[in-house]
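In: no letters, just coordinates:
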């Protein structure tokens, strides 16, 4: 992806932080369960350049996270929603085993 000049990589698995990667921006997926200021600050300090917030957050929660972090934030405002919390989609496991 680095060689073909991808803009960024959307990441769910924090294990990627253990890899020796070329310089490519990392975006934290909703699957990393990004719903608190502390989690977003952790991701920012870990080197992520953008965080996709959990779909379940209210405007007030988004505003709180935004006011206490400096990382770029992305928010889903409409679309497919799991019947669970972001990052914890147990229905997939129940269906596929």
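Out: Sure thing, it's come through. From a predicted model like this one, the values you see are computed outputs, not experimental measurements. Numbering: from 1, shown residues only.
In: drop to CA atoms for contacts and neighbour counts, all remaining ones
Out: Noted.
In: where's residue 65 relative to residue 29, distance?
Out: As judged by C-alpha to C-alpha, to the nearest Å, residue 65 and residue 29 stand 16 Å apart.
In: cool, residue 15 as well?
Out: Residue 15 is 14 Å from residue 29, by C-alpha to C-alpha.
In: for the helix or strand where residue 62 lies, list every residue counted as buried.
Out: Element membership for residue 62, per DSSP states H and E: helix 59-68. Judged by neighbour count (16 or more other C-alpha atoms under 10 Å), helix 59-68 contains these buried residues: 62, 65.
In: continuing past it, what's the next helix or strand?
Out: Using DSSP H and E, the helix or strand that follows helix 59-68 towards the C-terminus is strand 72-74.
In: for the residue nearest to residue 47 when sequence neighbours are not counted, give me the pLDDT.
Out: Nearest residue to residue 47, sequence neighbours excluded (C-alpha to C-alpha, 6 or more residues apart in numbering): residue 26, at 7.4 Å. Listed pLDDT for residue 26 reads 93.
In: need the contact list for residue 26.
Out: With contacts defined as C-alpha atoms under 8 Å, 6 or more residues apart in numbering, the neighbours of residue 26 are 8, 9, 10, 11, 47, 48, 49, 50.
In: what does residue 2 give?
Out: 22, 23, 24.
In: taking these one by one, which sit in strands?
Out: Using DSSP state E, no member of the contacts of residue 2 sits in strands.
In: one step back: give me the more crowded residue out of residue 15 and residue 29.
Out: The neighbour count for residue 15 versus residue 29, taken as other C-alpha atoms under 10 Å, is higher for residue 29 (21 against 8).
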